[in-house]
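Peer 1: What follows is a predicted protein model with its sequence.
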Amino acid sequence: MDYFAYVRGRLHCEDVSVDALAAEYGTPLYVYSARTIIDHTRKLARAFAPAGDPILCYSVKANSNLSILKLMRDEGAGFDVVSGGELHRVLSIGADPRRVVFAGVGKTDEELRTALERDILLFNIESEEEMENLDRIAGGMNRVAEAALRVNPDVDPHTHVYVATGKKETKFGVDLERARRVLARAGRLRNVRMSGLHVHIGSQITRVEPYVQTLQRLARFLPEARAMGHPIEWLDLGGGFGIWYKEKLARSAQEIADAVMPSILAMKVRLLLEPGRFIVGNAGVLVTRVLYVKESGKRRFVVCDAGMADLIRPSLYGAYHRIWPVTTDPAHGGEAPDEEQWRGPTVISDVVGPICESGDFFAKERKLPPVRRGDLLSIFSAGAYGYAMASNYNSHPRPAEVMVAGRQAKIVTRRETVEDLVRLERVESFDVDPGAAAQGPG
Ligand SMILES: Cc1ncc(COP(=O)(O)O)c(C=O)c1O
């Protein structure tokens with residue numbers, strides 16, 4: 001569900017036409033719908049309300065734009081952060097540190113220290129060594145860190161292997177066998193209080209069974225953890241709730257909540273959730289202009305001004321994003337941006353970017369209405385892991401981001417300039433002694 005729709009053949013984000021935004025702010029351009037973000041947040045909050053007083057910690061990595069973070073804070077959300085940088089972002093928009101949880105397998109001493117100074121709610125501990133390090137640092141600061149042990153329940157989330165984190169062969173958390181040992185060790189630490197369990201089994205999960213299975217395993221483990229003297233008050237179920245990219249496969253917030261609620265209630269814990277994609281994924285599109293249309297061999301290429309540096313998901317995961325012209329002919333059923341409902345002419349095309357990699361594509365052999373140089377395309381469901389993963393590869397400045405609410409549209413990230421690209425660099429000269437011939441290939 002989102003607030004992007006065609007009105008008489010023109011794509012709108014809420015009450016603003018997307019071609020007008022492209023004309024005003026240029027392309028490539030990320031366009032977000034504030035109403036969609038709020039709608040998704042409220043759906044989750046409503047569905048999980050029977051768990052008592054759950055805290056919805058928006059997963060900043062999905063889209064860390066400050067205006068989105070502020071919108072989430074104003075909705076009462078907390079935050080899931082995985083770096084000092086993300087912590088800085090949420091604190092800079094005035095987030096309450098007591099609603100911040102900190103996960104990630106590689107937290108540095110400096111990051112741990114800063115988070116302790118700010119008195120965050122929970123450290124999601126991913127290894128025994130990290131726990132001991134946290135204990136040492138907290139001890140040096142005369143503090144007691146509240147922690148949740150991230151357990152790896154060894155559950156298959158049935159998602160892309162790059163975003164599956166719940167199998168014990170991945171680097172995340174500790175398996176249940178080791179978790180017993182880590183908790184035994186935790187009992188002897190003075191400056192870490194193990195007050196929760198954390199799981200995050202993967203991303204873009206479109207079934208409820210993996211969550212149910214995870215909770216069954218946690219429910220068996222929880223009494224053991226409590227019997228060891230740990231006051232397990234929090235259960236952080238992570239994120240991972242899938243969205244519609246192509247097929248309408250994903251579960252609704254209500255379906256997920258209904259499936260997991262009996263276990264959560266039985267465990268007598270306070271619930272934390274860390275949704276990212278579910279909140280912002282369908283709340284954003286990437287608008288790109290067609291630069292050229294060319295043919296080579298038997299293929300036709302639509303070359304756009306956006307590429308893998310702006311949205312890497314198709315290149316990285318082979319991810320599917322719906323792509324459709326920003327303006328279409330309503331007489332041909334162009335009101336819905338998909339090939340099934342379109343009754344006009346189509347051309348099979350590869351939609352590609354300007355980057356010098358064969359992996360720089362948004363779609364392969366896609367049925368699209370014929371497009372020409374200068375036309376605008378919308379790449380849908382680009383709100384999560386889009387701009388957040390953007391880079392300057394090939395020295396392309398990153399796009400602008402604009403947020404729409406009703407009739408209002410405001411730039412929330414200005415477009416980078418070529419000057420921005422070189423801002424951190426220095427031109428130094430070196431006297432190089434070629435010396436003896438270097439060893440190795442080349
Ligand atoms: C620990 C943790 N929590 C939450 C999330 C958010 O996942 P999603 O965007 O699929 O909800 C992630 C994503 O990788 C994560 O690693």
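Peer 2: All right, it came through fine. Numbering: from 1, shown residues only.
Peer 1: Quick check, central residue of the chain?
Peer 2: Geometric centre of the chain, nearest residue: Ala62, 2.1 Å, by C-alpha atoms, centre = their mean.
Peer 1: Skipping its backbone neighbours, what lies nearest that one in space?
Peer 2: Sequence neighbours aside, Gly276 is the residue nearest to Ala62 in space, at 2.9 Å (criterion: C-beta to C-beta, 6 or more residues apart in numbering). No exception for glycine: its C-beta is placed from N, CA and C like everyone else's.
Peer 1: tell me the contacts of the one you found?
Peer 2: Residues near Gly276 by C-beta atoms under 8 Å, 6 or more residues apart in numbering: Tyr58, Ser59, Val60, Lys61, Ala62, Asn63, Asp80, Ser203, Gly239, Ala384, Tyr385.
Peer 1: Per-residue confidence at it, what does it come out as?
Peer 2: At Gly276, the pLDDT value in this model is 98.
Peer 1: residues in contact with the longest helix seen in the chain?
Peer 2: Secondary structure assigned by DSSP state H gives helix 209-227 as the longest helix of the chain. Outside helix 209-227, the residues within contact range by C-beta under 8 Å, 6+ apart are 149, 151, 153-158, 166, 176, 179-180, 183, 194, 197, 199, 201-202, 205, 232, 235, 237, 256, 259-260, 263-264, 266-267, 269.
Peer 1: what are the ranges of the strands in the stretch 151-300 of the chain?
Peer 2: 174-175, 192-198, 234-236, 270-273, 284-296, 299-304 (DSSP state E, counting those that start in this stretch).
Peer 1: mind putting those strands in TSV, distance to Ala45, mean pLDDT and mean neighbour count included?
Peer 2: Below are these laid out as TSV (distance: least, C-beta to C-beta, whole Å; pLDDT from 0 to 100; neighbours: other C-beta atoms under 10 Å):
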stretch	distance to Ala45	mean pLDDT	mean neighbour count
strand 174-175	30	92	18
strand 192-198	20	97	24
strand 234-236	16	98	24
strand 270-273	9	98	23
strand 284-296	20	98	19
strand 299-304	37	98	19
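Peer 1: got a winner among the contacts of Gly276 for most neighbours?
Peer 2: Counting neighbours by other C-beta atoms under 10 Å, Tyr58 leads the contacts of Gly276 with 33 neighbours.
Peer 1: Now do the lowest-mean-pLDDT helix or strand in the chain: which elements does it pack against?
Peer 2: The helix or strand of the chain with the poorest confidence is strand 174-175; it has a mean of 92 (mean pLDDT, DSSP states H and E). Packing partners of strand 174-175 (3 or more C-beta pairs under 8 Å, 6 or more residues apart in numbering; DSSP states H and E): strand 145-152.
Peer 1: With only the CA atoms kept, save the strand it packs on in CSV.
Peer 2: Written as CSV, here are the backbone C-alpha positions of strand 145-152 (Å, rounded to 0.1, in the frame of the first residue of the first chain):
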residue,chain,number,x,y,z
ALA,A,145,25.5,-1.6,30.2
GLU,A,146,22.0,-3.0,29.5
ALA,A,147,22.4,-5.8,26.9
ALA,A,148,20.4,-8.3,24.8
LEU,A,149,22.2,-11.3,23.5
ARG,A,150,21.7,-11.8,19.8
VAL,A,151,21.0,-15.5,19.3
ASN,A,152,21.1,-17.2,16.0
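Peer 1: Just the buried residues of stretch 402-415, please?
Peer 2: By 16 or more other C-beta atoms under 10 Å, the buried positions in stretch 402-415 come out as Val402, Met403, Val404, Ala405, Ala409, Val412, Thr413, Arg415.
Peer 1: In the stretch 301-442 of the chain, which residue sits nearest the ligand?
Peer 2: Ala384 (5.9 Å; C-beta to the nearest ligand atom).
Peer 1: secondary structure element for that residue?
Peer 2: When secondary structure is defined by DSSP states H and E, Ala384 falls outside every helix and strand.
Peer 1: who's in contact with it?
Peer 2: Ala62, Asn63, Ile243, Gly276, Arg277, Ile279, Val280, Gly281, Gly284.
Peer 1: And the residue nearest to the last one when sequence neighbours are not counted, what's its pLDDT?
Peer 2: Translated: Gly284. Excluding the flanking residues, the one nearest Gly284 by C-beta to C-beta, 6+ apart is Gly383, at 2.6 Å. Per-residue confidence (pLDDT) for Gly383: 98.
Peer 1: My understanding was that Gly383 contacts Leu286; is that so?
Peer 2: No. Judged on C-beta atoms under 8 Å, Gly383 makes no contact with Leu286 at a distance of 9.1 Å.
Peer 1: I'm done for today, thanks for sticking with me.
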